Structure formats: C-alpha cells, structure tokens
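> show me the folded form of this:
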Amino acid sequence: MSELEGKVAVVSGGAEGIGFSIALSMAKQGMKVVISDIDAKQLEIARQALEDHGADVLAIEMDVVKIEDWQNLAEQTLAKFGKIHMLVNNAGVGASAGSIEKTNHKDWQWVLDVNLMGVIYGTQTLVPYMKQHGEGGWLINVASMAGMGGVPFAGAYTATKVAVVGMSESWHPELKPHNIQVSVLCPAFVKTRINLSHRNKQDDYKNPPSDSSSSAGLSPKTLAMAEHMQKVIDDGLAPEIVGERVVEAILAKELYIFTHPNYREGVQKRSKAIDDAFARAEKSPLLAHMLDEEVVGFS
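Next up is the predicted model:
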C-alpha cells in the first residue's frame, strides 16, 4: 500500500496541464484530490475526467491571488475530507516575452501575484492544517528550469520561479520537524497551454486598449523568440510523465524534482560560474581577512 493512499491532496491550477496530471497521478495512488482553477469550464471537464478514473474529487473555482478564495478552499476541503495532507502550488502564468522597457508594470504585477503570491497565500493558508493533524504531509511547489537560471527577455517569469525555488529551500528545513516534505518541481518545456495564460488574465491586470499579451510593439528579435517558445512548448514533454515523475520523486523524498535531465549541463555551468566567482573573491587582497572568519549559518 502506498503511503499516499487515503490522504488528501490539494492541487491549484488543477484543471489541465501539469496540475491535472499531478492530480490524476495522486488519485491513482489512492489519494482524495481537490482541484482548483480560475477556468470554471475546464475545471468541470477535469472533475469529470478524474471521476471517470475512479477518483474521489472536489473541484473548486478560485483565483489564487485572492486570500479569501484560499480560505474558502480550506473550509470546503475540510468539510468534505476532514484533513489536508498535500498542497501542490501549481497555478501559474507565463508572461509575454519582452525586454526590460517593454514589460509593463501590470504584467509584472500579474506574474508576481499569480506565480509568487499565489504560492505564498496557499502555503500560509493550508500548511497550518497540515501541521495540526500531526500526520505529516507534502508541500510541492511548481517552479521551472527558469528557477535554476535566468531566461533572457523573461525577467518577470524568471524572478518568480527563482523565488519559488528559494522559498522551497527555506521551507524545507522549517517543515521537516513536522514531517512535511517540501519539494520544488522544475520542469523545462512541457506540452501545456502556459503560453496562452493571458486567456484567463484577471481584469485588474489588463492593459487597455491594447494588452501586452499581443504581438503588437514587439521587436523582431523578441517576436522570433516568442515564436520559438511556442514551438518548443508544442513539442514539449507530455504532462502525464510529469505527474508520474512527481509521485516517484516525493516517495524518494527529493527536494528538487527535475523532469528534463538533459538540462543538467546548463545548471552545472551556472554552478561553476558561481564557484569561479568565489575563487576570484578568495584571491582579492581586499577580502583576504575574511578567509579565516567563521561562517554564520541560518539553521
């Protein structure tokens, strides 16, 4: 019997793509699943699909940037299932490609609120319930390979994914005494509709009269990059594989969950560049006195 069987999983952005696939994979392990999404129509399709697979499922329409929606989700989940054992912070958006000066403030706020604050609100709301029952659990935050290194012309998206990786690293030792395993999923290109995130953009973040989600005003270089991104997403990894990989990784208690081992070299190059920078700092006469200083830890 899987240690997941009979437990309760909450998956934000669970109506399709990676979120739905994770929910389905957890249901196959015998978990009861709660899926939430801002897209009510797609959410109903997902609910029916999960039920067709024999899942005990609750579907809740919500906006992850609204703390009151998270509180409502918690209340409905506890009313139906009694406990919460797993939170998968999956809901996220991908901003349009753009240079520093072409990425407007509303797009920045949209990406920050959904990709970062949505994770924070969900974690702050549901983790206390996971601590309360004392049975342990799982916190899975969905970041990206962008969380492992900067992506040109995607500053807003990269900033949020680096932050999600950092928060996960911070929460890992914090929640370990409560037997809550923290993992951060960092996929590269997966065949989803993240490139069409603007279809669900909330009114508060729109830029009338012309939304930056369109190609208007983009330089030829930026437009070519956007078209390339569309192609690699269309050719991306099947989300079903991602869902199964998440199950495999959390049962192995992995902090970092990777789905694209072919990206390892890029991360190694970044790590080497950082290590080389430390080596240069060690040789600086300005910093020689620091070599014998005690390293102050934070744990």
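> how close does the most centrally placed residue in the chain sit to residue 122?
Closest to where the C-alpha atoms of the chain average out (CA atoms, centre = their mean) is residue 142, at 2.1 Å. Using CB to CB, to the nearest Å, we find residue 142 at a distance of 11 Å from residue 122. All C-beta atoms are positioned from the backbone trio N, CA, C, and that covers glycine.
> identify the contacts common to these two.
Jointly contacting residue 142 and residue 122 under the rule CB atoms under 8 Å, 6 or more residues apart in numbering are residue 89.
> which sections of the stretch 51-200 of the chain are below the confidence cut-off?
Low-confidence segments of the stretch 51-200 of the chain (pLDDT under 70): 195-196.
> quick one, helices of it?
Counting by DSSP state H, counting those that start in this stretch, the stretch 51-200 of the chain has helices at residues 67-81, 105-111, 118-133, 155-175.
> how about the CA coordinates for the third one, as PDB?
If I follow you right, that is helix 118-133. Provided in PDB are the C-alpha atoms of helix 118-133 (Å, rounded to 0.1, in the frame of the first residue of the first chain):
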ATOM      1  CA  GLY A 118      -0.400  32.600  -5.100                       C
ATOM      2  CA  VAL A 119       2.200  30.200  -3.700                       C
ATOM      3  CA  ILE A 120       2.600  32.200  -0.500                       C
ATOM      4  CA  TYR A 121      -1.100  32.500   0.100                       C
ATOM      5  CA  GLY A 122      -1.700  28.800  -0.500                       C
ATOM      6  CA  THR A 123       1.100  27.800   1.800                       C
ATOM      7  CA  GLN A 124       0.200  30.200   4.600                       C
ATOM      8  CA  THR A 125      -3.400  29.100   4.500                       C
ATOM      9  CA  LEU A 126      -3.100  25.300   4.200                       C
ATOM     10  CA  VAL A 127       0.200  24.300   5.900                       C
ATOM     11  CA  PRO A 128      -1.200  25.100   9.400                       C
ATOM     12  CA  TYR A 129      -3.900  22.500   8.800                       C
ATOM     13  CA  MET A 130      -1.200  20.000   7.700                       C
ATOM     14  CA  LYS A 131       0.700  20.700  11.000                       C
ATOM     15  CA  GLN A 132      -2.500  20.400  13.000                       C
ATOM     16  CA  HIS A 133      -3.300  16.800  12.400                       C
END
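> that one: which residues count as buried?
118-123, 125-127, 129-131 (16 or more other CB atoms under 10 Å).
> out of those residues, who's nearest residue 270?
Ranked by distance to residue 270 (CB to CB), these are led by residue 119 at 22.7 Å.
> distance of the nearest residue to the closest one once chain neighbours are set aside from residue 292?
Nearest residue to residue 119, sequence neighbours excluded (CB to CB, 6 or more residues apart in numbering): residue 89, at 4.3 Å. Going from residue 89 to residue 292 by CB to CB gives 42 Å.
> do residue 183 as well
For residue 183 relative to residue 292 (CB to CB), the value is 37 Å.
> looking at those two, which one has more neighbours?
Set residue 183 next to residue 292 and count neighbours by other CB atoms under 10 Å: residue 183 wins out with 22 against 6.
> now do the strands in the stretch 151-299 of the chain.
180-186, 256-258 (DSSP state E, counting those that start in this stretch).
> most tightly surrounded among those?
Across the strands of the stretch 151-299 of the chain, the average number of neighbours (mean count of other CB atoms under 10 Å) peaks for strand 180-186, which reaches a mean of 23.
> give the contact list for the residue nearest to residue 119.
Neighbouring residues of residue 89 by CB under 8 Å, 6+ apart: 12, 118-119, 122-123, 139-142, 164.
> which of the residues you listed sits closest to residue 232?
residue 142 (18.4 Å).
> list the buried ones in stretch 193-202?
By neighbour count, and taking 16+ other CB under 10 Å as the criterion, the buried residues in stretch 193-202 are 194, 197-198, 200-201.
> I would like the residues contacting it, please.
The contact list for stretch 193-202 (CB under 8 Å, 6+ apart) reads 16-17, 38-39, 63, 65, 92-96, 110, 211, 213, 229-230, 233.
> what bridges to the residue nearest to the centre of the chain?
residue 185 (DSSP bridges).
> touching, it and residue 164? I think so.
Yes - at 7.5 Å, residue 142 counts as touching residue 164 under the criterion of CB atoms under 8 Å.
> got any residues that touch both of the two?
Joint contacts of residue 142 and residue 164 (CB under 8 Å, 6+ apart) are 89, 184.
> and the helices of the stretch 51-200 of the chain as a markdown table, adding distance to residue 43?
Listed next are the helices of the stretch 51-200 of the chain as a markdown table, based on distance: least, CB to CB, whole Å:
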| stretch | distance to residue 43 |
| --- | --- |
| helix 67-81 | 12 |
| helix 105-111 | 20 |
| helix 118-133 | 16 |
| helix 155-175 | 23 |
